[in-house]
Structures are given as C-alpha cells and as structure tokens.
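K.L.:
Quick check, what structure comes out for this input:
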Amino acid sequence: MDSNSIQILISMVIYMAVVIGIGVWFAKRANKNSDNYFLGGRSLGPWVTAMSAEASDMSGWLLMGLPGVAY
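P.N.:
Reported below is the predicted structural model:
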C-alpha cells in the first residue's frame, strides 16, 4: 500500500466513525419515547415539514416515474 491509499483509508475510517457517532448520539436522544422519535418531539416547523414532503415526492418520482418515462 502506498501512502495515498493509507491516507484515503484513514480518512474513510474517521468519516465513518464520526457518522456512526452522530447517529448513536441522536438515536439516544430520540429514543426517549416513541412520540419523540416519530414526530420529532413536535418541534419541527412548517418549513421542515414541507421540505420533507417535497423530498419524499421527488424520491418517489425518481425511483418509479423516471424509469417509466425512460421506458
């Protein structure tokens, strides 16, 4: 292994550790009860809810509608 491969491997391991750490931290915070998990503690505003709905809509279009149009 050359030094460039080792640097990439170390960067990936650090990145994965940070992402897993963030996930564990938020999982512990969100799992206090099921309402807090499913509804975000009812602390999300209308803008976040609207962006989430639009992201879900676009995801459905890209996964099902776009391949159908291409066919």
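
K.L.:
For the lengthiest helix in the chain, buried residues please.
P.N.:
Longest helix of the chain, by residue count under DSSP state H: helix 3-30. Across helix 3-30, burial judged by 16 or more other Cβ atoms under 10 Å covers no residue at all. C-beta coordinates here come from the backbone N, C-alpha and C atoms, glycine included.

K.L.:
Mean confidence (pLDDT) on that helix, please.
P.N.:
The average pLDDT within helix 3-30 is 90.

K.L.:
Now do the residue nearest to the spatial centre of the chain against Asp57, distance only.
P.N.:
Centroid check for the chain by Cα atoms, centre = their mean gives Gly23 as the closest residue, at 9.4 Å. From Gly23 over to Asp57 the distance is 25 Å, taken as Cβ to Cβ, to the nearest Å.

K.L.:
same question, Ala50
P.N.:
Counting by Cβ to Cβ, the separation of Ala50 from Asp57 is 11 Å.

K.L.:
likewise Gly21?
P.N.:
Taking Cβ to Cβ as the measure, Gly21 and Asp57 are separated by 31 Å.

K.L.:
quick one, domains of the protein?
P.N.:
As given by automatic domain parsing, the domain ranges for the chain are 1-31, 43-71.

K.L.:
ends of the last one, how far apart?
P.N.:
Just to be clear, that refers to domain 43-71. 42 Å (Cα to Cα, to the nearest Å).

K.L.:
I'd like the mean pLDDT over it, please.
P.N.:
79.

K.L.:
So which bits of it are buried?
P.N.:
Buried, per 16+ other Cβ under 10 Å, within domain 43-71: nothing.

K.L.:
chain center to it: distance?
P.N.:
Taking Cα atoms, centre = their mean, to the nearest Å, one finds domain 43-71 lying 14 Å from the centre of the chain it belongs to.

K.L.:
switch to numbering from 2
P.N.:
Done: numbering now begins at 2, and the last item shifts to domain 44-72.

K.L.:
Which element, helix or strand, includes Trp48?
P.N.:
Using DSSP states H and E, Trp48 maps to helix 47-61.

K.L.:
ok, and what's touching the helix or strand that that helix is followed by?
P.N.:
Downstream of helix 47-61, the first helix or strand assigned by DSSP H and E is helix 67-71. Under the contact criterion Cβ atoms under 8 Å, 6 or more residues apart in numbering, helix 67-71 has no outside partners.
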